[in-house]
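Enquirer: structure for the following, please:
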Amino acid sequence: MPIVNRVAALHGDVTDWRRDFHAHPELLYDVHRTAASVAEKLKSFGCDEVVTGIGRTGVVGVIRGRKPADGTIKAIGLRADMDALPIMEATNLPYKSTTPGKMHACGHDGHTAMLLGAARYLAETRNFAGSAVVIFQPAEEGGAGGKAMIQDGLMDRFGIGEVYGMHNYPGLPIGQFGIRSGPLMAAADHLTINIEGVGGHAARPHLSVDTVLVGAQIVSQLQSIVSRNVDPLQAAVVSICMFHAGNADNVIPQTAQLNGTARSLTTDVQDLVERRIREVVEGVARLHGAKATLDYRRNYPVLRNHEQQAGFAATVAGQVVGDTKVDTAFAPVMGAEDFSFMLEARPGAFIFVGNGDSAGLHHPAYNFNDDVIPIGTSYWVKLVETALPA
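Expert: Numbering: from 1, shown residues only. So this is what the prediction gives:
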């Protein structure tokens, strides 16, 4: 596997950075320690610019190559996410989270460390033309930090012509990549359903309108949308994950609230799912004599890889691990990613790198595999040097 030699030599340092981030997880935009560490390292590497506070707590480093770019693309953006999750870690790692209730359960510690390793290498060698822009983003886990950085002028301010992202993938073997052109990750929409019935004594249900019963019927009927309304050759998910009602075992509650998510890979399916959810919620409530309202909020859009850039990313990954280890028809996943906002702003591609036989993402026993570090870091390096040849 042709790992860049200098990158292999940095493996120990990058691992130490990763484990330090893992031990000190921070949530959403409150990534002050992580961002400060990233900025300090970028400055110590000799980056030409280090800018903090982009998208509230994001950090951007600019590394200029040996000469100006002579092509249409003057600067390539490379993005890593910094935030952790509100999960209690269930490992016995020597570097496990020191903050109860918070952990790096999605590998953003590894993403940040690998991009730092690439920044150090690129600042040392500068074997490219134009600029490499390393982007360290807060609040990927539900906070739309990518959108916030774009709204702060990320793309225009740093002249980014193309942008690339990478995420580890448990279950995909170490030394393999997965990518596809077009939709790779789903749109993620939020549902809040408020139900109002008639509360009363549990022993006299005939004098009440039971919001627990109405809510249960709504949950059940929502599952018919994907199975009976969505084309079987399309993909969608409707999941109700929270059900709040009542405070006593002998009182029929006056109100109930359901919360969940809807996922889709195309706008047509997204529109269909939203319309049918609303019809089911209002119709089931009316059938039982209750009232129900739906707050449907579209959050992260579909992550769509641009065809040319996805092909280029696959070629670069093949330089690192061999073409046979790059799946260019990787099946789309129904998880969501706010890198989708960056791909709406500029051409680019998002790629998965194998994390091996680890616990799944967002699992309390998850841990980023440090064997991935030289693979992912080499990918970043080769991507810049290939896209912006000196």
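Enquirer: need the contact partners of the lowest-mean-pLDDT helix or strand in the chain.
Expert: Lowest mean confidence among the helices and strands of the chain (mean pLDDT, DSSP states H and E): helix 5-9, at a mean of 90. Here helix 5-9 makes contact (CB atoms under 8 Å, 6 or more residues apart in numbering) with Gly117, Ala118, Tyr121, Glu124, Thr125, Pro374, Thr377, Ser378, Val381. C-beta: built from backbone N, CA, C; applies to glycine.
Enquirer: how does it look with 10 Å?
Expert: Under the criterion CB atoms under 10 Å, 6 or more residues apart in numbering, residues 14, 114, 117-118, 120-121, 124-125, 320, 373-382 lie in contact with helix 5-9.
Enquirer: whichever of those residues end up buried, select them in PyMOL.
Expert: The following PyMOL selection, which keeps only the buried ones among the contacts of helix 5-9, applies the criterion 16 or more other CB atoms under 10 Å:
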select buried, resi 14+114+117+118+120+121+125+320+373+374+375+376+377+378+379+380+381+382
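Enquirer: circling back to that earlier point, and the least confident helix or strand of the chain, what's buried?
Expert: Here helix 5-9 shows Val7 as buried, counting by 16+ other CB under 10 Å.
Enquirer: now do the SS call for Ala132.
Expert: strand (DSSP: H, G, I helix; E, B strand; the rest coil).
Enquirer: and it, how many neighbours does it have?
Expert: Neighbourhood size, Ala132 [other CB atoms under 10 Å]: 28.
Enquirer: so it makes contact with Ala390?
Expert: No - Ala132 lies out of contact with Ala390 (CB atoms under 10 Å); the separation is 11.8 Å.
Enquirer: what do these two both touch?
Expert: Common neighbours of Ala132 and Ala390, counting by CB under 10 Å, 6+ apart, are Gly65, Arg126.
Enquirer: list the contacts of the residue lying closest to Met166 once chain neighbours are set aside.
Expert: Excluding its sequence neighbours, the residue lying closest to Met166 (CB to CB, 6 or more residues apart in numbering) is Ile351, at 5.2 Å. Going by CB under 10 Å, 6+ apart, Ile351 touches 164-167, 169, 177-180, 184, 305, 310, 313-314, 316-317, 326, 330, 376, 379, 383.
Enquirer: which of these fall within strands?
Expert: Secondary structure defined by DSSP state E assigns Tyr164, Gly165, Met166, His167, Tyr169, Phe177, Gly178, Leu184, Asn305, Val326 of the contacts of Ile351 to strands.
Enquirer: in the sheet, which residues pair with the fifth one? Tell me.
Expert: Listed beta-bridge partners, Tyr169: Gly354 (assigned using DSSP bridges).
Enquirer: which residues touch it?
Expert: Counting by CB under 10 Å, 6+ apart, Tyr169 touches 107, 176-178, 330, 333, 351-356, 358, 360-361, 372.
Enquirer: which residues does the nearest residue to Lys74 once chain neighbours are set aside contact?
Expert: For Lys74, ignoring the flanking residues on the chain, the nearest one in space by CB to CB, 6+ apart is Gly130 at 4.9 Å. Gly130 is in contact with 63-71, 73-76, 159, 161, 384, 387-390, counting by CB under 10 Å, 6+ apart.
Enquirer: returning to what we had before: per-residue confidence for the residue nearest to Met166?
Expert: At Ile351, the model reports a pLDDT of 99.
Enquirer: tell me where the stretch 201-350 of the chain has helices.
Expert: 211-228, 267-287, 307-321, 339-345 (DSSP state H, counting those that start in this stretch).
Enquirer: would you reformat those as JSON lines and include mean pLDDT and distance to Thr99?
Expert: Compiled in JSON lines, the helices of the stretch 201-350 of the chain are given as follows (pLDDT from 0 to 100; distance: least, CB to CB, whole Å):
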{"stretch": "helix 211-228", "mean pLDDT": "98", "distance to Thr99": "34"}
{"stretch": "helix 267-287", "mean pLDDT": "98", "distance to Thr99": "36"}
{"stretch": "helix 307-321", "mean pLDDT": "98", "distance to Thr99": "34"}
{"stretch": "helix 339-345", "mean pLDDT": "98", "distance to Thr99": "26"}
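Enquirer: any idea which of those is most buried?
Expert: Per-stretch averages of neighbours, counted by mean count of other CB atoms under 10 Å, single out helix 339-345 among these, with a mean of 22.
Enquirer: just to revisit the earlier point, quick one: closest of the helices of the stretch 201-350 of the chain to His190.
Expert: Taking CB to CB as the criterion, His190 comes closest to helix 267-287 out of these, the separation being 11.2 Å.
Enquirer: what stretches of this protein score poorly on pLDDT?
Expert: Of all residues in the chain, those with pLDDT under 70 make up the ranges 1.
Enquirer: now the ones in strands among the contacts of Ile351 in CSV, with distance to Ala256?
Expert: Rendered in CSV, the data for these read as follows (distance: CB to CB, whole Å):
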residue, distance to Ala256
Tyr164, 44
Gly165, 39
Met166, 42
His167, 36
Tyr169, 37
Phe177, 45
Gly178, 41
Leu184, 36
Asn305, 40
Val326, 48
